[in-house]
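> Starting from these lines, generate the structure:
(one chain, ligands or ions: 1)
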Amino acid sequence: MNPLGLYLHIPFCLRKCPYCDFYSLPASPDAMDTYTEALKASILDWGKRLKRPADTCYFGGGTPSLLGARRIAGILMAVREAFGLEKAEVTVEVNPATVEQKDLATLRQCGVNRLSIGLQSGVEEELGSLGRLHSVEQAIHTVAWARQAGFDNLSLDLMIATPNQTVESLTRSIEFCASLNPEHISAYLLKLEPDTDFGRHPPSGIPDEEMERELYLTACERLEQKGLLQYEISNFALPGRESRHNLKYWNGEEYLGLGPSAHSFLDGRRFYFPRDLAAFLEGIGPKEDGSGGDFEEYAMLHLRLTEGIRERHVQERFGYSIPDPMWDTARRLAKGGLIHLLPDGFTLTREGMLVSNAVIAALLD
Ligand code: SF4
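Next up, the predicted model:
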């Protein structure tokens, strides 16, 4: 059996960002201690049940860095006991507003080898409009401390299509990111999620569709000029520094998610823990979310990757070819510039990536 990916959700934030719909609550030291113990117990319990190694471990949130290095180190000890973590990629999401130099040194010493830093923008006004609590200077310090601590695998988050963003301000952000020499960048388009402050009261200056397109294409081109190659709709990396953990999602590999709102895909079934911290602390188990791993799901996830879908992979995995109707649709969409045809498969073009949901839905229709 292949090793699992392990996702650990840390459901605490200093303050809710107005665009964010991830599950998180205000933190207190007691609440974080209680959660840490519950999460460790859950990790050990699932480890005994599954008896499988994991080769990626991702602390996401919420704000994992808010938990502090001591609690994260304790959780990692439980993870090693339960899932081995041999030669694993171990990532912690870090908010520059909630981290100190000594925390990063401790994280590195306890085996964390990758940080995903919530930078979002290199322009102070844009950080303000996103309600972020950190400054550009704090981001610079965080990266410098991480390098001093020995981290050689850093990912920066960058947000595209933020209020009043222009091609010029985005370019400044990208130049700023590049000056920090990250190994990886995740560049997500801002979406107005219904259950957020931005969703309820959209801020002024949100770029329209045409501007969003221009910003996205600018980001893709500029990042690639910096040597950060696009490997997924929103992800760019130096060669060999792609996120091993996130690739498991897009490649349809198995993963276990623990903590409120965390999702899993194991043994052909999907399940998730509800967005309810109290329920998780009470030990209430995950809810079923149906079966997974069929061809439609594989195509939907794999088309997010610049690799696209290929006959050889589909044959190996499902024992049949890419269905003819899908090929027909791909040829039609290629004429409109949304699909790039290859001899053995097809990929989304960047124009196709901008409307990926509609393109993938058409291919699967
Ligand atoms: S964006 Fe990050 S820091 Fe802000 S509320 Fe969401 S999880 Fe918390």
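> so is the residue nearest to Pro163 when sequence neighbours are not counted in a helix, a strand, or just coil?
Excluding the flanking residues, the one nearest Pro163 by C-beta to C-beta, 6 or more residues apart in numbering is Gly205, at 4.0 Å. Every C-beta, even on glycine, is put in place using the N, C-alpha and C of the backbone. Each residue gets one of three states, and Gly205 gets coil by DSSP: H, G, I helix; E, B strand; the rest coil.
> From the ligand, how far off is Gly205?
19 Å (C-beta to the nearest ligand atom, to the nearest Å).
> How about Ala27?
10 Å.
> Check Tyr19 too.
7 Å.
> Count the neighbours of that residue for me.
Using other C-beta atoms under 10 Å, Tyr19 has 22 other residues around it.
> now the one 10 residues further on
Counted with other C-beta under 10 Å, residues neighbouring Pro29 total 9.
> burial count for the closest residue to the ligand within the stretch 201-350 of the chain?
Closest residue of the stretch 201-350 of the chain to the ligand, C-beta to the nearest ligand atom: Ser261 (10.8 Å). Residues contacting Ser261 under the criterion other C-beta under 10 Å number 21.
> swap in the one 10 residues further on?
When counting by other C-beta under 10 Å, one arrives at 18 neighbours for Phe271.
> So what does it look like in phi/psi?
phi -150, psi 160 (degrees, to the nearest 10).
> quick one: contacts for the residue nearest to it when sequence neighbours are not counted?
Nearest in space to Phe271, with sequence neighbours left out and distances taken as C-beta to C-beta, 6+ apart, is Pro286 at 4.2 Å. Each residue near Pro286 by C-beta atoms under 8 Å, 6 or more residues apart in numbering is listed here: 264, 271-273.
> Quick check, pLDDT for Pro286.
Looking at Pro286, its pLDDT is 97.
> now swap in Thr98 and tell me
87.
> I'd like the distance between it and Ile117.
Counting by C-beta to C-beta, to the nearest Å, the gap from Thr98 to Ile117 is 11 Å.
> Can you show me the helices along the stretch 151-300 of the chain?
Taking DSSP state H, counting those that start in this stretch, the helices of the stretch 151-300 of the chain run over residues 167-179, 197-200, 209-225, 244-250, 277-281, 295-302.
> who wins for proximity to Asp30 among the ones you listed?
Judged by C-beta to C-beta, the one of the helices of the stretch 151-300 of the chain that comes nearest to Asp30 is helix 277-281, at 12.0 Å.
> got the buried residues for the closest one?
277, 280-281 (16 or more other C-beta atoms under 10 Å).
> elements contacting that helix?
With contacts defined as 3 or more C-beta pairs under 8 Å, 6 or more residues apart in numbering; DSSP states H and E, the packing partners of helix 277-281 are helix 29-50.
> and the helix it packs on, how far out from the chain's middle?
In terms of C-alpha atoms, centre = their mean, to the nearest Å, the gap separating the centre of helix 29-50 from the centre of its chain is 22 Å.
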